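> My questions concern the predicted model and sequence given below.
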Amino acid sequence: MKVDVYDFELPEHLIAQVPLQDRTASRLLTLNKQTGEVRHQHFGEILDYLHEGDTLILNDTRVIPARLFGIKRDTGAKAEVLLLTQLEGDRWEALVKPGKKLKKGAVIDFGGELEAVIEEESDMGMRVLSFRYEGIFQEILDRLGEMPLPPYIKEKLDDRERYQTVYAKHEGSAAAPTAGLHFTTELLEQIAAKGVQVGFVTLHVGLGTFRPMSVETIEEHVMHEEFYSLSAETAQLLNETKARGGRIIAVGTTSARTLETVAREAKGSLIEASSGWTQIFIYPGHEFGLVDAMVTNFHLPKSTLVMLVSALAGRDHIMNAYQQAVAEEYRFFSFGDAMFIY
């Protein structure tokens with residue numbers, strides 16, 4: 001299947017640059033995955049689409065200030081590092097710029113408190129770095145690092161917490177699970193009051209989620225590994241929901257990928273607690289094992305995320321919904337509006 005069939009025209013002014021002051025103030029496009037019916041509403045109205053017996057699954061990963069700016073020790077040239085995955089101890093997988101200048105053995109200094117040595121090289125600017133420092137790494141990162149906003153966001157973020165979900169808990173992400181940014185504690189309480197249960201998974205968002213596709217056909221693309229974890233409590237919640245005929249609603253593509261990873265492992269049996277690395281790539285033809293509905297943002301043209309939502313709702317329904325979203329001037333991407341596929 002050609003990647004180009006997931007392309008669409010997106011005016012640049014529709015890319016949201018700053019978050020709304022009120023998390024729930026965004027618009028909500030609802031899409032019936034069976035009929036293709038589209039409705040235009042506001043995010044608070046998602047309550048009307050959630051029913052007693054449903055279970056909402058949220059990704060509780062927490063974004064770390066993963067973007068570091070330093071200088072290459074031997075030349076004094078500027079260097080940028082985006083931390084992606086902690087391997088073991090003080091070794092990290094990272095993206096570096098400029099990739100052509102930062103080779104194996106290079107040393108990068110960050111403000112006199114931290115230095116990194118490049119240990120391994122791979123394609124597309126990927127490197128394995130080993131850090132040296134005195135003190136506590138996370139405290140140094142909090143002082144020196146910046147929130148790793150996507151490159152299409154040009155505005156500076158004044159409040160770091162606005163790029164975190166209100167339920168963010170486990171540190172390790174290089175990007176926020178942005179569908180969750182629309183929820184407030186109050187809205188989650190209202191959802192629970194309707195008899196909707198809420199559970200959590202963890203998927204640390206890394207290169208696998210936002211790596212651009214550089215192939216012509218979908219089948220050629222290989223997802224990068226990302227770490228996930230599903231607790232015994234959430235596993236039990238999922239099994240109980242399926243047993244009573246309730247819907248499992250994934251908040252975001254990262255939650256959906258985690259759920260479908262554990263469903264694939266279960267092979268039709270009961271879901272069990274698990275953790276590990278996933279490379280799951282969901283595109284049309286995928287048979288969903290757990291996810292019945294999804295809250296999601298609007299994604300980049302020709303991205304793996306557009307393909308994932310197309311697997312759930314059908315490519316034609318998604319492309320029509322996106323066409324309407326552009327015509328109605330919805331706000332796109334991380335700080336943008338939301339879609340509910342049911």
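Happy to help now that I have it. Residues are numbered from 1 along each chain as shown.
> Could you report the neighbour count for the residue nearest to K97 when sequence neighbours are not counted?
Distances taken as Cβ to Cβ, 6 or more residues apart in numbering place E80 nearest to K97, at 4.3 Å, with adjacent residues excluded. Yep, even glycine has a C-beta here, placed from its N, CA and C like the rest. The local packing of E80 (other Cβ atoms under 10 Å) involves 17 other residues.
> In the sheet, which residues pair with the residue nearest to E328 when sequence neighbours are not counted? Tell me.
Nearest residue to E328 in three dimensions, chain neighbours excluded: H40, at 6.1 Å (Cβ to Cβ, 6+ apart). Counting by DSSP bridges, H40 is bridged to L29.
> Now for H40: which residues touch it?
Applying Cβ atoms under 8 Å, 6 or more residues apart in numbering to H40 gives the contacts R27, L28, L29, Q324, E328.
> Next: E225.
Going by Cβ under 8 Å, 6+ apart, E225 touches T85, G206, G208, W277, T278, Q279.
> What distance do you get for it to M307?
Look at E225 and M307: by Cβ to Cβ, to the nearest Å, they are 18 Å apart.
> if we can go back for a sec, okay, the contacts of E225 in JSON lines with secondary structure and distance to L238 next?
Below are the contacts of E225 laid out as JSON lines (DSSP: H, G, I helix; E, B strand; the rest coil; distance: Cβ to Cβ, whole Å):
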{"residue": "T85", "secondary structure": "strand", "distance to L238": "26"}
{"residue": "G206", "secondary structure": "coil", "distance to L238": "24"}
{"residue": "G208", "secondary structure": "helix", "distance to L238": "22"}
{"residue": "W277", "secondary structure": "strand", "distance to L238": "20"}
{"residue": "T278", "secondary structure": "strand", "distance to L238": "16"}
{"residue": "Q279", "secondary structure": "coil", "distance to L238": "21"}
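> Reformat those residues as TSV; add pLDDT.
Putting the contacts of E225 into TSV (pLDDT from 0 to 100) gives the following:
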residue	pLDDT
T85	89
G206	84
G208	61
W277	95
T278	95
Q279	94
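> Could you report the neighbour count for G89?
Look at G89: counted by other Cβ under 10 Å, it has 9 neighbours.
> now swap in S214 and tell me
Applying other Cβ under 10 Å, we find 10 residues neighbouring S214.
> Can you name the helix or strand that it falls in?
Under the criterion DSSP states H and E, no helix or strand holds S214.
> separation between it and E220?
9 Å.
> for A66, same thing?
Using Cβ to Cβ, one obtains 28 Å as the distance from A66 to E220.
> now Y330
To E220, Y330 is 31 Å away according to Cβ to Cβ.
> who has more neighbours, these two?
Y330 (23 against 10).
> So that one lies in a helix, does it not?
No - with DSSP: H, G, I helix; E, B strand; the rest coil as the criterion, Y330 is assigned coil and is not in a helix.
> Could I get the phi/psi values of the residue nearest to L47 when sequence neighbours are not counted?
Spatial nearest neighbour of L47, excluding adjacent residues (Cβ to Cβ, 6+ apart): Q190 at 6.1 Å. Phi and psi for Q190, reported as degrees, to the nearest 10, are phi -70, psi -40.
> Check what pLDDT Q190 gets.
Predicted confidence (pLDDT) for Q190: 98.
> Can you mark which positions in stretch 48-55 are buried?
By 16 or more other Cβ atoms under 10 Å, the buried positions in stretch 48-55 come out as Y49, L50, D54, T55.
> Over to stretch 29-41?
L29, T30, L31, K33, V38.
> Point out where the stretch 201-342 of the chain drops to low pLDDT.
207-212 (pLDDT under 70).
> what ranges do the strands span in it?
Under the criterion DSSP state E, counting those that start in this stretch, the stretch 201-342 of the chain carries strands at the ranges 226-230, 248-251, 274-278, 293-297, 338-341.
> okay, these in TSV with mean neighbour count and distance to S130 next?
Output for the strands of the stretch 201-342 of the chain, formatted as TSV (neighbours: other Cβ atoms under 10 Å; distance: least, Cβ to Cβ, whole Å):
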stretch	mean neighbour count	distance to S130
strand 226-230	23	19
strand 248-251	27	36
strand 274-278	15	21
strand 293-297	25	35
strand 338-341	24	40
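> Among these, which comes closest to V117?
Of all these, strand 226-230 sits nearest to V117, with 23.5 Å by Cβ to Cβ.
> The closest one pairs with which strands?
Counting by DSSP bridges, strand 226-230 is paired with strand 197-203 (antiparallel), strand 274-278 (antiparallel).
> Give me the nearest residue to H317, chain neighbours excluded.
For H317, the nearest residue in space outside its immediate sequence neighbours is G36; the separation is 4.2 Å by Cβ to Cβ, 6+ apart.
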